[in-house]
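**Student:** Sequence plus predicted model, see below.
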Amino acid sequence: MADSARGHVDEEALDEVVRFTSDLIRIDTTNHGGGDCQERPAAEYAAEQLAGAGLEPTLLERTKGRTNVVARIEGTDPSADALLVHGHLDVVPAQAEDWSVHPFSGEIRDGVVWGRGAVDMKNMDAMILAVVRAWARLGVRPRRDLVIAFTADEEASAEDGSGFLADEHAGLFEGCTEGISESGAFTFHDGSGRQIYPIAAGERGTGWLKLTAHGRAGHGSKVNRANAVTRLAEAVARIGAHEWPVRLTPTVRAALTELAALYGIEPDLDDPDAVDVLLGKLGPAAALVEPTVRNSANPTMLHAGYKVNVIPGEAVGYVDGRYLPGGEDEFRTTLDRLTGPDVDWEFHHREVALQSPVESVTFARMRAAVEEFAPEGHVVPFCMSGGTDAKQFSRLGITGYGFSPLKLPEGYDYGALFHGVDERVPVEALHFGVHVLDRFLRTA
Ligand SMILES: [Zn+2]
């Protein structure tokens, strides 16, 4: 770390972020889906740390044990819009036998904190708590009101978490215009020495589809030109083979422009073929934008029939579709065409796409905070291929950014650690995160 960028938090904050990450990992908040999860002990832990910083956290549950925590820090400028800082408390399941260290041990070994949630996203929860508590000790107040929210149920439907908060407790988020949370400002090593820090300014929408093919049931030995299985298979094959056209959203366009400049390439972003050529030239860094230059629809499940010599009257398939901000209409009309007249489709689950401005003052301040502590890094905007709690909070008019800063050494593949085996985070990365988060939140 450069001498000019020592940071403003105290040593205690650097100790606490590590302890909090480890402690939160040890509180098993596995979200198995279907309502099978208990966030309450983690929520109580977070609330206790907030109360220790002189705040008055509120615990909120739609369902017993599925606890959310919200607290507000009053800013010095009452006319300024509030900023939401949110992190989820639940984690995806982990199979202990696959891991080098028990996934809920929170073990700190050779300067690395191990366990489920180390990057998604108990690290960020711990960073938020450490910064807030450092401010209480140091007498720091932010300019804007900050609303701190720790949510349940992000890893499933969000119905007991951010969805519930947005629907039932909008008043707690009064004045919030922007929010920050997971999946951004981590180090992406491109393999040739460049360190890229992608900050998320958008998310693709979720369109999980149920396809139903209808036909004429009958004996498997007879002629049947209305076979539901054949119809479904044809529709699924067309969807799987479809080449979605390139559509650049403002965020993805900005991402490609900045990456092209970083690699010394003259981009022609108005020619769709040239976009694919550019992606080819970006090497590993293409992974940051490739999933978001177009919509996508991947067939994932098939259900039909019960006996080999019986043609069923119906066949059902599922498709994981994702659409770009502004891309939902095209997604729908394309699916109408690809499924054809004999196959119906409906949204099994649908979530909005998000587009956040890259030209905003807040984005510039996030960029500056990262650059202060990682002067060798290159900040670029990017669009997330999937989604986060920001989708639910967008209903309150809150523009979401993915900003949970981590300086990762080479060999730490952030994408692979997410929901992966041996999820872990270096202590140094957490310290960097606290410095950058503190810097950003002070200036935001
Ligand atoms: Zn997450």
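**Tutor:** Structure's in. What do you need? These numbers come from a predicted model, not from an experiment.
**Student:** Nearest to the ion: which residue in the chain?
**Tutor:** Taking C-beta to the ion, the ion has its nearest neighbour within the chain at Asp120, 4.1 Å off. Every C-beta, even on glycine, is put in place using the N, C-alpha and C of the backbone.
**Student:** what about the residue nearest to that residue when sequence neighbours are not counted, neighbour count?
**Tutor:** Distance criterion C-beta to C-beta, 6 or more residues apart in numbering; nearest residue to Asp120, sequence neighbours excluded, is Phe418 at 5.0 Å. By the criterion of other C-beta atoms under 10 Å, Phe418 has 16 neighbours.
**Student:** Could you do Ala241 as well?
**Tutor:** 8.
**Student:** Report pLDDT for it.
**Tutor:** Ala241 is assigned a pLDDT of 98 by the prediction.
**Student:** now do Gly386
**Tutor:** So Gly386 comes in at 86 (pLDDT).
**Student:** doesn't Gly207 make contact with it?
**Tutor:** No - taking contacts as C-beta atoms under 8 Å, Gly386 lies outside contact range of Gly207: 12.0 Å.
**Student:** Between the two, which contacts overlap?
**Tutor:** Shared contacts of Gly386 and Gly207, defined by C-beta atoms under 8 Å, 6 or more residues apart in numbering, comprise Arg322.
**Student:** Close to the ion: what parts of this protein are there?
**Tutor:** Asp120, Met121, Glu182 (C-beta under 5 Å from the ion).
**Student:** Count the residues that sit near the closest residue to Glu328 other than its chain neighbours.
**Tutor:** Of all residues not flanking Glu328 in the chain, Gly205 sits nearest, at 6.2 Å (C-beta to C-beta, 6+ apart). Using other C-beta under 10 Å, Gly205 has 22 neighbouring residues.
**Student:** mind listing what Gly205 touches?
**Tutor:** Taking C-beta under 8 Å, 6+ apart as the criterion, Gly205 is in contact with Arg322, Tyr323, Leu324, Pro325, Gly327, Glu328, Arg350, Glu351, Val352, Ala353, Leu354, Gly387.
**Student:** Please tell me how far Pro381 sits from Glu330.
**Tutor:** Distance from Pro381 to Glu330, counting by C-beta to C-beta, to the nearest Å: 23 Å.
**Student:** Kindly apply the preceding question to Gln95 instead.
**Tutor:** 39 Å.
**Student:** neighbour-wise, which of these two wins?
**Tutor:** Taking other C-beta under 10 Å, Gln95 and Glu330 do not tie; Glu330 has more neighbours (16 against 8).
**Student:** Can you say which helix or strand has the more buried one in it?
**Tutor:** helix 328-339 (DSSP states H and E).
**Student:** Packing partners of the next helix or strand after that helix?
**Tutor:** Sequence-wise, the next helix or strand downstream of helix 328-339 (DSSP H and E) is strand 343-351. In terms of contacts (3 or more C-beta pairs under 8 Å, 6 or more residues apart in numbering; DSSP states H and E), strand 343-351 is packed against strand 205-214, helix 228-241, helix 328-339.
**Student:** The next helix or strand along the chain from strand 343-351: partners in the sheet, and parallel or antiparallel?
**Tutor:** Downstream of strand 343-351, the next assigned helix or strand under DSSP H and E is strand 354-355. If you go by DSSP bridges, strand 354-355 pairs up with strand 195-203 (antiparallel).
**Student:** Where do the domain boundaries of this structure fall?
**Tutor:** For the chain, automatic domain parsing gives the domain ranges 3-183+388-443, 205-351.
**Student:** and these, which is most packed in?
**Tutor:** Burial of those is given as mean neighbour count (mean count of other C-beta atoms under 10 Å); domain 3-183+388-443 ranks first at a mean of 20.
**Student:** Can you name the residues that contact the closest residue to Glu174 other than its chain neighbours?
**Tutor:** Distances taken as C-beta to C-beta, 6+ apart put Ala82 closest to Glu174, at 7.2 Å, once the chain neighbours are dropped. By C-beta under 8 Å, 6+ apart, the contact set of Ala82 is Arg72, Gly75, Arg144, Asp145, Leu146, Val147, Phe173, Glu174, Gly175, Cys176, Thr177.
**Student:** Out of the residues you listed, name the ones that lie in strands.
**Tutor:** In strands, defined here by DSSP state E, the members of the contacts of Ala82 are Arg72, Leu146, Val147, Cys176, Thr177.
**Student:** related to what we said a few turns ago, Asn123 is in contact with the residue nearest to Asp120, correct?
**Tutor:** No - Phe418 is beyond contact range of Asn123, at 11.4 Å (criterion: C-beta under 8 Å).
**Student:** show me what contacts the closest residue to Ala80 other than its chain neighbours?
**Tutor:** In this structure, Ala80 finds its nearest non-sequential neighbour in Arg144, 4.4 Å apart by C-beta to C-beta, 6+ apart. When contacts are counted by C-beta under 8 Å, 6+ apart, Arg144 touches Gly75, Asp77, Ala80, Asp81, Ala82, Leu83, Ala444.
**Student:** repeat that with 6 Å
**Tutor:** Residues in contact with Arg144, defined by C-beta atoms under 6 Å, 6 or more residues apart in numbering, are Gly75, Ala80, Ala82, Leu83, Ala444.
**Student:** With secondary structure and pLDDT added, can I get the residues you listed in JSON lines?
**Tutor:** Converted to JSON lines, the contacts of Arg144 look like this (DSSP: H, G, I helix; E, B strand; the rest coil; pLDDT from 0 to 100):
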{"residue": "Gly75", "secondary structure": "coil", "pLDDT": "96"}
{"residue": "Ala80", "secondary structure": "coil", "pLDDT": "96"}
{"residue": "Ala82", "secondary structure": "strand", "pLDDT": "98"}
{"residue": "Leu83", "secondary structure": "strand", "pLDDT": "98"}
{"residue": "Ala444", "secondary structure": "coil", "pLDDT": "88"}
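**Student:** Pick out the most distant pair among these.
**Tutor:** Based on C-beta to C-beta, the longest span within the contacts of Arg144 runs between Ala82 and Ala444 and measures 10.2 Å.
**Student:** and which of the contacts of Gly205 is nearest to Ala228?
**Tutor:** When the contacts of Gly205 are compared against Ala228 (criterion: C-beta to C-beta), the nearest one is Arg350, at 24.7 Å.
**Student:** Next up, the contacts around the closest one.
**Tutor:** Gly207.
**Student:** what are the bridge partners for it, then?
**Tutor:** Gly207.
**Student:** Going forward, count from 11.
**Tutor:** Noted, 11 is the first residue going forward, which turns the last one into Arg360.
**Student:** What pLDDT is listed against it?
**Tutor:** Reported pLDDT for Arg360: 94.
**Student:** How about Lys74?
**Tutor:** Looking at Lys74, the pLDDT reads 97.
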